[in-house]
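Visitor: No sequence on hand, only this structure:
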């Protein structure tokens, strides 16, 4: 009972539709600005924030550099601690492993801790196909699930909803799948949280099997770590008998002490908190305490593909904090759905093509969903140079079309521009033509730009993308280069 | 010191007054710039759209034109950023060790105008006079790729007669983004609309920035709104003196009579 990103149009089209959603625009502008300001305030408190970022990047980089070794250590530590370790090459394998554990225990439902990895592999839909209901217990994930909706943010997947909409979803849908919302439900945050609490409590107490992801997996101790704000995750991690955790292989860190910078970077970057309210760690099975059967599914699903990319592999440092989403001027206006993936925003614009390749048009549109303003790089706690990876992925898109029998108009235009710019003589010729056009356009112009210069008017073809919303100055009748020639660089006295 | 002007393709073809202003300003400060005629473009339009192979001959033209200069000054944060941070990517792609070596020479010697004025010439008061209400937009590449910091505003604050007002949400991107403005025109315009609103909220008469491409975008929107705000490159403000300041539209530097329609 949730939507699907399959069949989403390419980013420009999806963005155009999102931009017209006034409620979405209002909700996002408010929410992203609130989190952005909170983050900025708590980051400013940390004097050595830059050193911390460098340390965080180094921890992840070191783990990635020797990933195979750390994963084998992790497996050995987990097994020694009583966990069962599974390896999944892709989404289908991972989903099948989780379903098989659920079937072994004869359950028709599982409770879930908020997890990006399980969203990435479409676990809920896969379990549903096996007759197993997967209940999301994170408040925002619950809102998305009940609303038959799609997540639009990594940290706050219901960021596109306001509280009036949340009330409506709870009122209409809670009763269909469990304890209904109270009749007198208002849109007061405390009351909405109370309704979710009562609804979820029933599921926590009943569930035999829980499914989670992990924020970090510590190789030397075999410890998985989940950080969260609500405590619902801890309910899932401690109450049921069986726990299955789906963990991307890039989540591994070498040692327990590596958690130090990570647990300081993550809460300030994500929720704008000094530390997160709940940090749960567990190493395999502890007799008589918590789940007595612990499974860990180590997931590739494109990660080794990303790891093989010299420029893009740094994206695997990502700790899913969402700071890049909250600060992104594109994300702020179009929201998460336009990216067509559970990973939206700047990190999604590089992660999706790195994990999946750029063969399909939707994924290939993502690296272009950025003005390259660089705000994402500035806030990234593990210093992922997102703008550079975006440009590199754009090159991957272009390179994937180099063998096309019929080149795209853009490719033809770029080749023509490169030909012109490869020679000053050719550029000067083009500028003389543009000067002539300027003379004509200037003469027929009916628009005067502020300051007095003539505008070019509305242009046809690709230029209409510009002049549809912006006036364009008519080209000057004399280029700089011609002026320099004519006046000897202004030394003939004609320049003031 | 041999100093070359990299005027940029956008300024060469569309905003020659900015180039003239740089020449005039630097001449006033005692620096005679060369204009190497072989120059074309920094290659950024190709690089940022993903056409790295196409950028190779353009970057080659850049290093050929500017070889041997001690400093290359450009009135554009993003073109300086391209030379400093992207030319090496293109050179690596070419597989040509000579090009790799050449961009390692030209890249670090490329300065955005405000960097050249403040860091190389060591001036903040350039003797300009500009009696207008002005707001300044720090363009993304000058701010984040180059890290020009407060150099442009220090230069503006020293201008006589100027009334400099803060731009709300100044560091937020205007939405230009090169080919982004065409490939994702709707999103670009949504961002530009907010930038234009913030500019109008300042009550400024002139919006100033260090990149004419961004100004062409925001200025184009302000013009379409008939907002009564004009855009000007930082160089043109800094080049204006009591002798040259006149009328409200200012920058007819070096234009021939009858050029303006």
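Guide: Arrived safely, thanks for sending. Predicted model, so just to flag it, every value in this text is computed and none were measured.

Visitor: Scan the chain for its longest helix.
Guide: No chain was given, so I picked chain A. helix A:22-44 (DSSP state H).

Visitor: other chain: chain B
Guide: Max-length helix for chain B by DSSP H is helix B:185-201.

Visitor: Quick one: name the residues of the stretch 251-400 of chain A near chain B.
Guide: By the rule C-beta under 8 Å from any C-beta of the partner chain, the part of the stretch 251-400 of chain A lying against chain B is A:329-330, A:333-334, A:367-375, A:377-378, A:391-399. Using the backbone N, CA and C atoms, a C-beta is placed for each residue, glycine as well.

Visitor: Those in strands, which ones?
Guide: Using DSSP state E, no member of those falls within strands.

Visitor: what about residue B:207, neighbour count?
Guide: Neighbourhood size, residue B:207 [other C-beta atoms under 10 Å in any protein chain shown]: 28.

Visitor: Surely residue B:143 and residue B:78 touch.
Guide: No. Under the criterion of C-beta atoms under 8 Å, residue B:143 makes no contact with residue B:78, lying 10.6 Å away.

Visitor: Between these two, point out the one with more neighbours.
Guide: residue B:78 (29 against 22).

Visitor: my guess is that one meets residue B:148, correct?
Guide: No. Counting by C-beta under 8 Å, residue B:78 sits too far from residue B:148 to count as a contact (11.5 Å).

Visitor: any common contacting residues for these two?
Guide: residue B:142 (C-beta atoms under 8 Å, 6 or more residues apart in numbering or on different chains).

Visitor: Mind telling me what element residue B:221 is part of?
Guide: Using DSSP states H and E, residue B:221 sits within helix B:212-224.

Visitor: re earlier: just after the longest helix of chain B, pick out the following helix or strand.
Guide: Sequence-wise, the next helix or strand downstream of helix B:185-201 (DSSP H and E) is strand B:206-209.

Visitor: follow-up on the earlier one: average pLDDT across the longest helix of chain B?
Guide: Averaged across helix B:185-201, pLDDT comes to 98.

Visitor: List of residues touching it?
Guide: Contacts for helix B:185-201 (C-beta under 8 Å, 6+ apart): A:12, A:15-16, A:19, A:329-330, A:333-334, A:369, A:371, A:465-466, A:468-470, B:135, B:137, B:167-170, B:172-177, B:180-182, B:207, B:217-218, B:221-222, B:225, B:227, B:229.

Visitor: now the angle between helix A:22-44 and it, please.
Guide: Relative orientation of helix B:185-201 and helix A:22-44, computed by axes from the mean of the first three to the mean of the last three C-alpha atoms, to 10 degrees: 70 degrees.

Visitor: Okay, buried residues for helix B:185-201 please.
Guide: B:185-196, B:198-200 (16 or more other C-beta atoms under 10 Å in any protein chain shown).

Visitor: same thing with stretch B:96-105?
Guide: Buried residues in stretch B:96-105, counting neighbours by 16+ other C-beta under 10 Å, are found at B:99-100, B:102-103.

Visitor: out of those, which are inside strands?
Guide: Under the assignment DSSP E, these contribute nothing to strands.

Visitor: Farthest-apart pair in these, please.
Guide: Using C-beta to C-beta, the buried residues of stretch B:96-105 span at most 7.4 Å, a distance reached by B:100 and B:102.
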